[in-house]
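have a look at this prediction, sequence included:
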Amino acid sequence: MRVVLATANPGKQREFATLLAPRGIELVLQSELGIDSIEETGNTFEDNALLKAQHAAERSGLPALADDSGLEVDALGGRPGVWSARYAGVGATDEQNNLRLIADLNGVPEDQRTARYRCVLALVRGPSDRTPILAQGSWEGRIGFEPVGNGGFGYDPYFIPAGLNCTAAELSPARKNALSHRGAALRDLIARLGSWT
Ligand code: ITT
């Protein structure tokens, strides 16, 4: 099955390629088809994931899979949440977003730095699919004080998964996929696929 992956984020692309390779799903990047990203106007991960999937399906004429994800920090009332990619402003780099996160958590002690990553996936057969498949996953952890590790992307150098003494950026790609919100969401999606065509 050929499916368009509706993301422009290279970190997500790498993780999806590894996760979906054994599933017989051939992923085509939306950028390979000349499809631009759509503005994320939703207030929830679900709304934005659907928006991205419908846009890519409409432009490509193919089924489309989109991911909307982000980091929810308890001491920040759940922010950056759906604004994770643009926390330091539209077009911000991972480094700029991380700097803002750490500045906002200045003075917050370790036991109050709890957080989670959330991921919602939307899979549509076409732009007006009335029964899209939505799947989700989350990953509990806390925000460290210093960046550690070179793997992953986004907030990973500061995200210390619950039960581990290292950051997500120190995990191998396979280990991150086994533990992460994205890995969990994809396993949920695959469980819901059934006879989806
Ligand atoms: P697309 O919309 O093109 O998929 P994006 O980066 O804009 O790319 P989102 O709107 O879903 O995607 O924002 C997700 C952000 O949340 C991402 O840019 C990171 O800052 C953060 N994030 C999500 N999953 C992450 C992960 O596994 N590791 C680190 N940061 C993550």
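Arrived safely, thanks for sending. Nothing here was measured: the structure is a model prediction, and the numbers come from that model.

contacts and neighbour counts: CA atoms only from here.
Will do.

point to the residue nearest the middle of this protein.
Nearest residue to the geometric centre of the chain (C-alpha atoms, centre = their mean): residue 69, 3.6 Å.

ranges for the strands of this structure?
Secondary structure of the chain (DSSP state E): strands at 2-5, 26-29, 64-73, 114-124, 133-143, 159-161.

so which of these gets nearest the ligand?
Closest approach to the ligand among the strands of the chain is made by strand 64-73 (3.5 Å; C-alpha to the nearest ligand atom).

show me what the closest one is packed against.
On a contact count with 3 or more C-alpha pairs under 8 Å, 6 or more residues apart in numbering; DSSP states H and E, strand 64-73 meets strand 2-5, helix 45-60, strand 114-124.

the last one vs strand 133-143, what angle?
In other words, strand 114-124. Note on geometry: by axes from the mean of the first three to the mean of the last three C-alpha atoms, to 10 degrees, strand 114-124 and strand 133-143 are set 160 degrees apart in direction.

rewinding a little: which stretch in the strands of the chain has the least confidence?
Of all those, the minimum mean pLDDT falls on strand 26-29 (a mean of 89).

can you tell if that one touches the ligand?
No. Shown here: strand 26-29 not in contact with the ligand (C-alpha under 6 Å from any ligand atom), separated by at least 10.5 Å.

and if you look at stretch 176-190?
No. Using C-alpha under 6 Å from any ligand atom, we find that stretch 176-190 stays clear of the ligand, coming within 6.6 Å at best.

contact residues of the protein facing the ligand?
7-9, 67-71, 84-85, 152-156.

and the residues you listed, which are buried?
7, 67-71, 84-85, 152, 154-156 (16 or more other C-alpha atoms under 10 Å).

before we move on, back to that, now the residue nearest to the centre of the chain. Nearest residue, chain neighbours left out?
Using C-alpha to C-alpha, 6 or more residues apart in numbering and skipping residues adjacent in sequence, the residue nearest residue 69 is residue 119, 4.1 Å away.

tell me what that neighbour is bridged to.
residue 69, residue 137 (DSSP bridges).

worst-scoring helix or strand of this protein, pLDDT-wise?
helix 10-20 (a mean of 86; mean pLDDT, DSSP states H and E).

residues in contact with it?
5, 7, 26-27, 152-153, 173, 177, 183, 186 (C-alpha atoms under 8 Å, 6 or more residues apart in numbering).

name the residues of that helix that are buried.
Buried residues in helix 10-20 (16+ other C-alpha under 10 Å): 12-13, 15-16, 19.

and if you look at stretch 72-84?
72-73, 79-84.

having no further points to raise, I will conclude here.
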